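1. predicted model follows, preceded by the sequence.
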Amino acid sequence: MPAPATNPPTRRPRWQRWLIDAALIALVFAAVQLWQTRHVPAGPAPAFAGLLAAGGQGSLAAWRAAHPGGPVAVYFWADWCPICKAQQGSISGLAEGWPVLTVAMQSGDPADVAKVLAERGLHWPTVVDEDGAITARYGLAGVPALAVIDADGQLRSVAVGYTTALGMHLRLWWAKVVTG
C-alpha cells in the first residue's frame with residue numbers, strides 16, 4: 001500500500017523572516033531603553049547648577065536663558081566611559097547646530113575635567129558632577145545619556161547608552177516641532 005502524499009512544510013519568504021527579525025530587534029531595543037529610563041522624572045527638567053570645568057558657575061537655567069525659544073540638550077558623560085569617548089565626535093557635531101550643555105559625572109574636580117577636555121580637544125561647556133548628584137536627579141544610573149529639554153523646560157526625551165548622531169538630531173528637532 002503506497003504511503004499517503006504529504007505536503008512539505010512551507011517556509012516564509014526571506015524578506016518576511018528579515019522583517020520579523022528586525023521587528024524583534026526593535027522590540028528588544030525599545031524594552032531596554034524603557035528599562036534604562038524607568039527612573040527618569042516626567043515633566044519639568046530638574047534644575048541644576050555647579051562648577052564649570054572652564055571656571056565659574058554654570059546652571060541649566062542660565063544655559064536655557066542663553067538659548068531661548070528652542071530645545072537644549074544635556075549630555076551626561078564620564079572620562080572613564082569608553083562609550084562616551086566613542087560618542088565624542090557625535091556630540092561635538094551636535095553642538096555645532098544645537099545648544100548642548102554637558103555634565104561630567106564622577107570624573108574628578110573641575111581641573112581634572114578641564115584637563116580631559118583639553119587632551120581630547122573638546123570645547124564643550126561642562127558642568128562638573130563630582131559626586132553624581134546631578135545625574136541622579138535625572139534618574140540616570142549610567143552614562144552616556146542625552147536629555148532633551150524643550151523650550152518650555154519640559155524633559156522631552158532621554159536616551160541612555162550610545163545614541164547615533166541622527167538619533168540626537170531627530171530628538172532635538174522633534175522637541176522643537178512639538179513646542180513650536
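-> Thanks, I have it.

2. any low-confidence regions in this structure?
-> Counting by pLDDT under 70, the low-confidence segments of the chain come to 1-5, 7-9, 34-35, 37, 180.

3. can you do 80?
-> For the chain, the stretches flagged by pLDDT under 80 are 1-12, 28-42, 179-180.

4. center of it - which residue?
-> Centroid check for the chain by C-alpha atoms, centre = their mean gives residue 146 as the closest residue, at 2.3 Å.

5. that one touches residue 168, doesn't it?
-> Yes. Taking C-beta atoms under 8 Å as the definition, residue 146 is a contact partner of residue 168 at 5.9 Å. For the C-beta atoms, the positions are set from N, CA and C on the backbone; glycine is no exception.

6. what is in contact with those two at once?
-> A shared contact of residue 146 and residue 168, defined by C-beta atoms under 8 Å, 6 or more residues apart in numbering, is any residue touching both; here these are 73, 159.

7. thinking again about what came up before, pull up the gap between the residue nearest to the centre of the chain and residue 78, please.
-> 14 Å (C-beta to C-beta, to the nearest Å).

8. can you check residue 118 too?
-> With distances taken as C-beta to C-beta, residue 118 is found 17 Å from residue 78.

9. and these two? which has more neighbours close in?
-> Just comparing residue 118 and residue 78: by other C-beta atoms under 10 Å the higher neighbour count belongs to residue 78, 23 against 11.

10. got the buried residues for the lengthiest helix in the chain?
-> Counting residues, the longest helix found in the chain (DSSP state H) is helix 14-36. Neighbour-count burial for helix 14-36, with 16 or more other C-beta atoms under 10 Å as criterion, is recorded at residue 36.

11. and it, how far out from the chain's middle?
-> 20 Å (C-alpha atoms, centre = their mean, to the nearest Å).

12. residues making contact with it?
-> By C-beta under 8 Å, 6+ apart, the list of residues contacting helix 14-36 from outside reads 12, 141, 142, 159, 160, 161.
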